[in-house]
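[1] sequence and predicted structure below; questions after.
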Amino acid sequence: MLQTVKTKTEVYALGQHISMSVHKARRVIDQIRGRPYEEARMILELMPYRACYPIFKLVNSAAANASYILDSDASSLYIIKAEVNEGTTVKRLKLRARGRSYPIKRPTCHITIVMKDIFLNEYHIEYI
């Protein structure tokens, strides 16, 4: 008897409350969306932006999740979804002369990296 079973083919890594602006993280994320894992790593290593380091760590974490959960090779992984959402804003006061102050707003962001193994089929057939 044949039975089709749906398998999981996507894994993700999520970084929350990363201390940087959404706009600065998005200009890096836009460069790696839709690319293979090895190429995305190379791009992130060579780009001169500060946002590259936490995104590089998330891409490596998603690949490690894929090798553990899907038992897949790094050469067959693609970044199918990469998004940056706005997080909470840390608000502080900077003291100034004559007893005055002005606000400092430190934005944070949430980054999600979703990878897929292109050689795994979503459905496979099992013999019972």
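    Thanks, I have it. These figures come from a predicted structure and were not determined experimentally. Numbering: from 1, shown residues only.
[2] for residue 104, grab phi and psi.
    Backbone torsions for residue 104, taken as degrees, to the nearest 10, come to phi -120, psi 130.
[3] what strand or helix carries the residue nearest to it when sequence neighbours are not counted?
    With sequence-adjacent residues excluded and distances taken as CB to CB, 6 or more residues apart in numbering, residue 104 is closest to residue 92, at 4.5 Å. No exception for glycine: its C-beta is placed from N, CA and C like everyone else's. Taking DSSP states H and E as the criterion, the element that holds residue 92 is strand 77-95.
[4] same check, this time on residue 61
    Taking DSSP H and E as the criterion, the element that holds residue 61 is helix 52-69.
[5] any idea which residue sits dead centre in this protein?
    Among the residues of the chain, the one closest to the centroid is residue 113, at 2.8 Å (CA atoms, centre = their mean).
[6] my reading is that that residue lies in a strand. Confirm?
    Yes. According to DSSP: H, G, I helix; E, B strand; the rest coil, the state of residue 113 is that of a strand.
[7] does it really touch residue 11, like I thought?
    No. Judged on CB atoms under 8 Å, residue 113 makes no contact with residue 11 at a distance of 9.3 Å.
[8] need the residues touching each of the two.
    Applying CB atoms under 8 Å, 6 or more residues apart in numbering, one finds that residue 113 and residue 11 are jointly contacted by residue 62.
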